[in-house]
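In: Sequence plus predicted model, see below.
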Amino acid sequence: MATAAIKAASYCLIHAPEMGSRYGTTPCQEASAHPGSAFMTEMEKARNGPDLSYEAVCRYVPHLTYIGAMTTDDLAGHPRPLLKNLRDTAARFGAYGEIMPEDEFIGLMDICDVFDLIRLKKSFASAVKAKLEAHPLINDEQIKRLEAGREADEIEGEIHNNHALPLYFKDELIGCCCGSHATDTNLSAHVMLENLAGKAGAVLALLHLVKNSGLAASDIDFVVECSEEAVGDMNQRGGGNMAKAVAESAGCSEAGGFDLRAFCAGPVAAIIASASMTAVGVHRNIAVVSGGSIPKLFMNAREHIKKGIPPLENVMGCFAVLVAPDEGEGAVIRLDATGKHTVAAGASPQAVTTSLIFDPLQAAGLKFADVDKYAPELHDPEVTVPAGAGNVPEANFKMIAALAVMKGQCEKDGIAAFVKKHGIPGFAPTQGHIPSGVPYMGHAIDAIKTNKIARAMIIGKGSLFLGRLTNLADGASFLMEKSRGKAPARTVSKQDVEAVVLDVLADLARRLKE
């Protein structure tokens, strides 16, 4: 049975209400089409309200679960609604990562900027430098990359004369992001801001992964980046390599890398690809990483505001997972039982669930109940329910249970119990590739190592129709379980060698006689 180990995981959130309210797709399009609309007025009020403050973000239990400051069991037992029942104490750091405030993240974007696209005011650069110097994972070499800052009139000149995007913190202009080409829309200031944010978030997650794994940054020999933003210019849209850019800024000097794009299914596909490379010895320590998405900040804000609910999509999710050889410890991926959504499968929920869940279980000789926890799209339902999308994780678990009934592996009246036993409450930001099952992997590693669970299935789905090339759905899945132990090394005795030599000599003697 081919396996590869999952040695560590990291998860970070970036508090970004000001970038989101100005450059998230929904508010940005509204500001362009209807400046000064009632929606934009309410957005401004909400952005500055207590429900979206950094303090509130660090007490909101889905966020704390994401970074490992709470377990999924803690989340399941927490009083609801979650927005009205914040945890008593705030936490910036958790077992897997952190929630970074917006000003520090802008500073980190500048550190990750190698083409001088982020320009910061002197006062802001000085203040954020002091904060980043105190960060436990950002070293002196990285701090040296932070610019000293510029005068305010230079920043304002870039905005007014060269179409740079203004950057704000606490409603004060603190810098700008410049474009990188006069006419190429793929290198416009808006796109560069999105790319730099994605890069900086992935760098932060990778720094935490290195710490969590106990490795040195130079031990990472390959990086696979799997976010939804493709980088490149007008001659090669999507042809760039975010992975190498992330590895460079994170100090992974011995790493190669490439990007893998598959919409929301990208992270699961990237982990399967990385596990396959590791299992056959192509690379040893592979970091699968992803930054967050500015476009999807406040994506559902219009519906939230209509219903009088705070628009909670003010954080970007980032993650990193270490794939390494199976050396007999911890959690592994079974490569003999991965799920794929084929062209012929069809796009019905039943067809997708069959392809991604039943088929790999059958290949592994397992039944539905043999998987302790299923991790499909783990969207936070307090975001998706008021937006009209329903409780996405719960709907997925019910579909899995219904298929188990159809296959004769669960009683019809046992669906609710199945969902409770094998499901996980949603806790991930609604950023497409981020909720795709992968946020549970850190929790799964811990639960498998401590024998709380024996097996989990990670499931990612993709909406290929978004590219306007096909109406097909997409998806991939894999099983995580406890390692069965390192295979014993094969030894050869003196008698074995002598027997082979005698056989060769006998064969040679026969040939000479002929």
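Out: Nice, thanks for sending it over.

In: in its sheet, what does the longest strand belonging to the chain sit against?
Out: Scanning the chain for the longest strand, with DSSP state E as the assignment, gives strand 3-15. For strand 3-15, the paired strands and their directions (DSSP bridges) read strand 99-100 (parallel), strand 315-324 (antiparallel), strand 331-340 (antiparallel).

In: Following element in sequence after that strand, please.
Out: helix 17-23 (DSSP states H and E).

In: Could you check that following helix and say which residues are buried?
Out: Residues of helix 17-23 classed as buried under the neighbour-count rule (16 or more other Cβ atoms under 10 Å) are Pro17, Glu18, Met19, Gly20, Ser21, Arg22, Tyr23. The way it works is simple: take the backbone N, C-alpha and C, and place the C-beta from them, glycine included.

In: what's the helix or strand just after it in contact with?
Out: For helix 17-23, the succeeding helix or strand toward the C-terminus, using DSSP H and E, is helix 25-33. Helix 25-33 is contacted by residues 20-22, 37, 39-40, 43, 295-296, 298-302 when judged by Cβ atoms under 8 Å, 6 or more residues apart in numbering.

In: Mind doing that once more with 10 Å?
Out: With Cβ atoms under 10 Å, 6 or more residues apart in numbering as the test, helix 25-33 has contacts from 20-24, 37, 39-40, 43-44, 47, 190, 293-303, 311, 313.

In: Tell me how many other residues surround Gly256.
Out: 16 (other Cβ atoms under 10 Å).

In: Can you report phi and psi for it?
Out: Here is the backbone geometry of Gly256 (degrees, to the nearest 10): phi -100, psi -170.

In: do Leu479 as well
Out: For Leu479, the backbone dihedrals (degrees, to the nearest 10) come out as phi -100, psi 140.

In: Please name the residues that touch the residue nearest to it when sequence neighbours are not counted.
Out: For Leu479, ignoring the flanking residues on the chain, the nearest one in space by Cβ to Cβ, 6 or more residues apart in numbering is Arg334 at 4.6 Å. Going by Cβ under 10 Å, 6+ apart, Arg334 touches 1-4, 275, 360, 363-364, 366, 455, 478-481.

In: go on, Ile400?
Out: Ile400 is in contact with 353, 356-358, 368, 371, 374, 376, 410, 415, 418-419, 422-423, 457, 459, counting by Cβ under 10 Å, 6+ apart.

In: so which helix or strand takes in it?
Out: Assigned by DSSP H and E, Ile400 falls in helix 392-406.

In: In that helix, which residues are buried?
Out: 392-405.

In: Go ahead and measure how far the longest helix seen in the chain is from the middle of the chain.
Out: Selection of the longest helix in the chain by residue count, based on DSSP state H, yields helix 189-213. When distances are taken as Cα atoms, centre = their mean, to the nearest Å, helix 189-213 is centred 11 Å away from the chain's centroid.

In: got the contacts of Arg334 as JSON lines, with pLDDT, distance to Ala230 and secondary structure columns?
Out: Listed next are the contacts of Arg334 as JSON lines, based on pLDDT from 0 to 100; distance: Cβ to Cβ, whole Å; DSSP: H, G, I helix; E, B strand; the rest coil:
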{"residue": "Met1", "pLDDT": "67", "distance to Ala230": "35", "secondary structure": "coil"}
{"residue": "Ala2", "pLDDT": "75", "distance to Ala230": "30", "secondary structure": "coil"}
{"residue": "Thr3", "pLDDT": "86", "distance to Ala230": "31", "secondary structure": "strand"}
{"residue": "Ala4", "pLDDT": "94", "distance to Ala230": "26", "secondary structure": "strand"}
{"residue": "Ala275", "pLDDT": "97", "distance to Ala230": "23", "secondary structure": "helix"}
{"residue": "Pro360", "pLDDT": "96", "distance to Ala230": "29", "secondary structure": "helix"}
{"residue": "Ala363", "pLDDT": "94", "distance to Ala230": "32", "secondary structure": "helix"}
{"residue": "Ala364", "pLDDT": "94", "distance to Ala230": "34", "secondary structure": "coil"}
{"residue": "Leu366", "pLDDT": "97", "distance to Ala230": "36", "secondary structure": "coil"}
{"residue": "Arg455", "pLDDT": "97", "distance to Ala230": "34", "secondary structure": "strand"}
{"residue": "Phe478", "pLDDT": "97", "distance to Ala230": "24", "secondary structure": "strand"}
{"residue": "Leu479", "pLDDT": "97", "distance to Ala230": "29", "secondary structure": "strand"}
{"residue": "Met480", "pLDDT": "97", "distance to Ala230": "28", "secondary structure": "strand"}
{"residue": "Glu481", "pLDDT": "96", "distance to Ala230": "33", "secondary structure": "strand"}
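
In: what's the nearest residue to Ala24 if we skip its chain neighbours?
Out: Ala isn't right for residue 24; it's Gly. Leu297 (3.7 Å).

In: Would you list the phi and psi of that neighbour?
Out: phi -70, psi 130.

In: show me what contacts Met43?
Out: 17, 20-22, 24, 26-27, 30-31, 37, 298, 301-302, 304-305, 311.

In: what does Glu55 give?
Out: So Glu55 contacts Leu86, Ala90 (Cβ under 10 Å, 6+ apart).

In: what's the answer for Pro295, then?
Out: Applying Cβ under 10 Å, 6+ apart, we find Pro295 in contact with 20, 23-26, 28, 190, 194, 197, 228-229, 431-432.

In: Pull up the distance across stretch 382-394, start to finish.
Out: Taking Cα to Cα, to the nearest Å, stretch 382-394 runs 12 Å from one end to the other.

In: wait, isn't Pro349 in contact with Pro376?
Out: No - using Cβ atoms under 10 Å, Pro349 is not in contact with Pro376, being 11.2 Å away.

In: More neighbours: which of the two?
Out: Between Pro349 and Pro376, counted using other Cβ under 10 Å, the more crowded position is Pro376 (29 against 14).

In: Quick check: the more buried one vs Val385, distance?
Out: Taking Cβ to Cβ, to the nearest Å as the measure, Pro376 falls 17 Å from Val385.
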